[in-house]
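**Student:** the sequence isn't on hand, but the structure is:
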């Protein structure tokens, strides 16, 4: 049980290392509007991830109820991870996004965080691949798979708070070279996850 939680925390740590539009918006919101609005924005992102996770989990549950569909689905999950890894490895650094919240209320800030994350199709694809990985490791409906996802979500939420509180520090030190190297590191990890998922399916 503890192992599943730690595996989830490890993947959550890797996910926290992604640097994209949500990351920059989180920093900008913290700098421009303070901790509370940044927290509300982050909760919007968190619940959009949770929404995508639930859709992916129950969607894969239906697909994998057919034993004959399991092989291709596990391969598809591995290919998604590999594709993410390759794209992330070669993607050039994104420029920081300007914050547009101004005097908007907390409800709108929450919705903005939710929508900014969920409109990115790679988010849903990531959770589909993650659910496939988790199912291959722990099976459906187990306590371990719940702990695995809990480890991911809580780790991401924790490190988002670190980013918010350390916004001024991050803002001064995030250079294009740093972003590129971080994305390359995450890309390699995703690529390895994909290869392992495919190999696990080949030899199971």
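**Tutor:** Thanks, I have it. The shown structure was predicted, so the numbers you read here are calculated from the model rather than taken from an experiment. Numbering: from 1, shown residues only.

**Student:** helices along this structure, start to end?
**Tutor:** 2-16, 21-33, 35-63, 67-90, 106-118, 121-138, 143-165, 167-173, 176-202 (DSSP state H).

**Student:** okay if I get those as JSON lines plus mean neighbour count?
**Tutor:** Every C-beta, even on glycine, is put in place using the N, C-alpha and C of the backbone. Formatted as JSON lines, the helices of the chain follow (neighbours: other C-beta atoms under 10 Å):
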{"stretch": "helix 2-16", "mean neighbour count": "18"}
{"stretch": "helix 21-33", "mean neighbour count": "20"}
{"stretch": "helix 35-63", "mean neighbour count": "19"}
{"stretch": "helix 67-90", "mean neighbour count": "17"}
{"stretch": "helix 106-118", "mean neighbour count": "18"}
{"stretch": "helix 121-138", "mean neighbour count": "21"}
{"stretch": "helix 143-165", "mean neighbour count": "18"}
{"stretch": "helix 167-173", "mean neighbour count": "13"}
{"stretch": "helix 176-202", "mean neighbour count": "17"}
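
**Student:** mind putting those into JSON lines with mean pLDDT?
**Tutor:** Shown next, in JSON lines, are those (pLDDT from 0 to 100):
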{"stretch": "helix 2-16", "mean pLDDT": "88"}
{"stretch": "helix 21-33", "mean pLDDT": "78"}
{"stretch": "helix 35-63", "mean pLDDT": "87"}
{"stretch": "helix 67-90", "mean pLDDT": "73"}
{"stretch": "helix 106-118", "mean pLDDT": "87"}
{"stretch": "helix 121-138", "mean pLDDT": "83"}
{"stretch": "helix 143-165", "mean pLDDT": "92"}
{"stretch": "helix 167-173", "mean pLDDT": "73"}
{"stretch": "helix 176-202", "mean pLDDT": "77"}
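
**Student:** who touches the residue sitting nearest the centre point of the chain in this structure?
**Tutor:** Nearest to the centroid of the C-alpha atoms of the chain, with distances taken as C-alpha atoms, centre = their mean, sits residue 15, at 4.6 Å. For residue 15, the contact set (C-beta atoms under 8 Å, 6 or more residues apart in numbering) comprises 152, 155, 156.

**Student:** what about 7 Å?
**Tutor:** Shown in contact with residue 15 (C-beta atoms under 7 Å, 6 or more residues apart in numbering): 152, 156.

**Student:** how near is it to residue 199?
**Tutor:** From residue 15 over to residue 199 the distance is 22 Å, taken as C-beta to C-beta, to the nearest Å.

**Student:** also residue 39?
**Tutor:** For residue 39, the distance to residue 199 - C-beta to C-beta - is 40 Å.

**Student:** and for residue 81?
**Tutor:** From residue 81 to residue 199 the distance is 12 Å (C-beta to C-beta).

**Student:** and if you look at residue 87?
**Tutor:** For residue 87 relative to residue 199 (C-beta to C-beta), the value is 21 Å.
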